[in-house]
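Q: One predicted model, sequence on top.
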Amino acid sequence: MNIDVGSMLQALNSPDYSKRFAALLDTGKAIQDGAIFRDVTQEVNNHVHTTYSFSPYEPAMAAFKAWEAGLQIVGSIDHDSISAAEEMLLSGNRLGIATTVGFEVRCSFKDTKLKDRKINNPDSRGIVYMCIHGVPADKIAACREFLKPIGVARKKRDRAEVAALNKLISRFEISRLDFDRDILPLSRSGNGGSITERHILSALAAKIISEHGKGEPVVDFLENRLKMVCGEKVRSFLLDTGNPHYLYDLIGVLKGGFLPEFFIQPDPEEILPAREVVGFAHSIGAIPAYAYLGDVTNSATGDKKAEKFEDSYLEELFSVLNDIGYSAVTYMPPRNTKEQLLRVQGLAKRYGMMEISGVDINSSRQKFNCPELLQPEFVHLLDSAWALVAHEKLAFGSSELGLFHIDNPLAGKPIEKRIAVYAEIGRQLNPFLMQVPLDDIRKRYGL
């Protein structure tokens, strides 16, 4: 097969969907013909951001990068958006990599006893990040409708934050940002994507680079004008004018040190009560998961300062999560110590919660691999990921086969047993085939 691999793969990240789709067809054929190949690992990643929130990767490219890294499963998770889901499912099918889809959203704990605590959100008290995992394909449209009002409220706050930022930078040697000209085009807002603070910071970073130049001028501007402290590693990144990740490194610095200067707390229109979000997730057969952060000492991504979060009251938190109705906890093995995560695992087992892994990808510097999953303490998370794959496929059109559905034939079994069965099913599914042999699976596994 005579193919221009470079052009084909570049097209996977085109902003034009028709070009991405054509490239997917070509790439899938190249894979099946053996023209391009990979070394397969056992690793998975259920938490990859795309351009529908903030990321250098279109869904097709995110799926390919995961395939290229040897992953067996890739999952799209975007902030306040599920609009990458259909393309992620299609991409997995064409490339031959298993997929999961969902979205990430903030919700309010203001009606709980933790209302005044900083829980897992560095920017707000009483507001929690959570992931809705395992959305069946026939429920994606319902998620889109659910998220629409949140997106409207968020965009209103985005505009207010840009106005606040412009007041700040008027004191420095940077020209003003225009929301419609500088920020809106960076997003997929017109196609159901969200606009996040990273979009605003990306526009600001681009202004700093264009008006001051890379290297020493940027570092001087950050340290002497904005009075920010750059760590030694990040400083070296920014001094390197040939750094291919320059924009994303600068965004990370600004998020960690400058975002609080113009951040505006969201109002209730944007942040729904946790019980309402969890209830919605259950109503569509998805899996609501608390996103564990843990006390931060040295931020893996460089955009979080050392700070205490939920570790000092973790048992109390899990009691609240159980009361609200969370089905799972999701965490990132590279981000925490084993001691932290073993404690989380113990509490998840106590409350019968599923454990889900994923390392959020939103920068070109980040790797898709997560070798930590192969360690004895975390290898069970591979089963969870395969169970998610089976859950989505089986619950499509047959909601009672959702992993947590009250009418699931396995509902009386412990969560570990259910996961084991669904993981076995997930591993047997052919990612190149859209159809699931449902009748055979029902017969074989008593479903």
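A: Perfect, thanks for sending it. Numbers count the residues shown, from 1 in each chain.

Q: For L25, which non-adjacent residue is closest in space?
A: R94 (6.6 Å; C-beta to C-beta, 6 or more residues apart in numbering). Any C-beta I mention is one placed from the backbone N, CA and C, and that applies to glycine too.

Q: let me fix that: A387
A: Leaving aside its chain neighbours, A387 sits nearest to Y422 (3.8 Å; criterion: C-beta to C-beta, 6+ apart).

Q: Any figure for the gap between that neighbour and R442?
A: Going from Y422 to R442 by C-beta to C-beta, to the nearest Å gives 13 Å.

Q: which strands and helices sit next to the helix or strand hosting R159?
A: Secondary structure assigned from DSSP states H and E places R159 in helix 140-169. Applying 3 or more C-beta pairs under 8 Å, 6 or more residues apart in numbering; DSSP states H and E, we find helix 140-169 packed against helix 85-95, strand 98-108, helix 197-212.

Q: run the last query once more with 6 Å
A: With contacts taken as 3 or more C-beta pairs under 6 Å, 6 or more residues apart in numbering; DSSP states H and E, helix 140-169 sits against no other helix or strand.

Q: Run the angle between it and strand 98-108 for me.
A: Helix 140-169 runs at 60 degrees relative to strand 98-108, counting by axes from the mean of the first three to the mean of the last three C-alpha atoms, to 10 degrees.

Q: List the buried residues in helix 140-169.
A: When burial is assessed from 16 or more other C-beta atoms under 10 Å, helix 140-169 yields the following buried residues: 140, 142-144, 146-147, 150-151, 153-155, 157-159, 161-162, 165-166, 169.

Q: Any idea how far that helix is from the middle of the chain?
A: Centre-to-centre, helix 140-169 and its host chain are 18 Å apart (C-alpha atoms, centre = their mean, to the nearest Å).

Q: and what of stretch 18-33?
A: 25 Å.

Q: Contacts for that stretch, please.
A: 1, 3, 8, 11-12, 14, 36, 58, 60, 91, 94-96 (C-beta atoms under 6 Å, 6 or more residues apart in numbering).

Q: Find the nearest non-adjacent residue to D80, please.
A: Nearest non-adjacent residue to D80 (C-beta to C-beta, 6+ apart): S194, at 4.0 Å.

Q: How is the one you found classified with respect to secondary structure?
A: coil (DSSP: H, G, I helix; E, B strand; the rest coil).

Q: Likewise for V74?
A: Under three-state DSSP, V74 comes out as strand.

Q: Tell me the spacing between the nearest residue in space to it that is not next to it in sequence and L177.
A: Nearest non-adjacent residue to V74, counting by C-beta to C-beta, 6+ apart: A66, 3.5 Å away. In this view, A66 and L177 are 33 Å apart by C-beta to C-beta.

Q: between these two, who's got more neighbours?
A: Counted by other C-beta atoms under 10 Å, A66 and L177 do not tie: A66 has more neighbours, with 30 against 18.

Q: In terms of pLDDT, where does that one sit?
A: The score at A66 is 97. That number is its pLDDT.

Q: Run the chain-centre distance for the helix or strand encompassing it.
A: Using DSSP H and E, A66 sits within helix 59-68. What separates the centre of helix 59-68 from the centre of its chain is 14 Å, taken as C-alpha atoms, centre = their mean.

Q: Cool, thanks, signing off.
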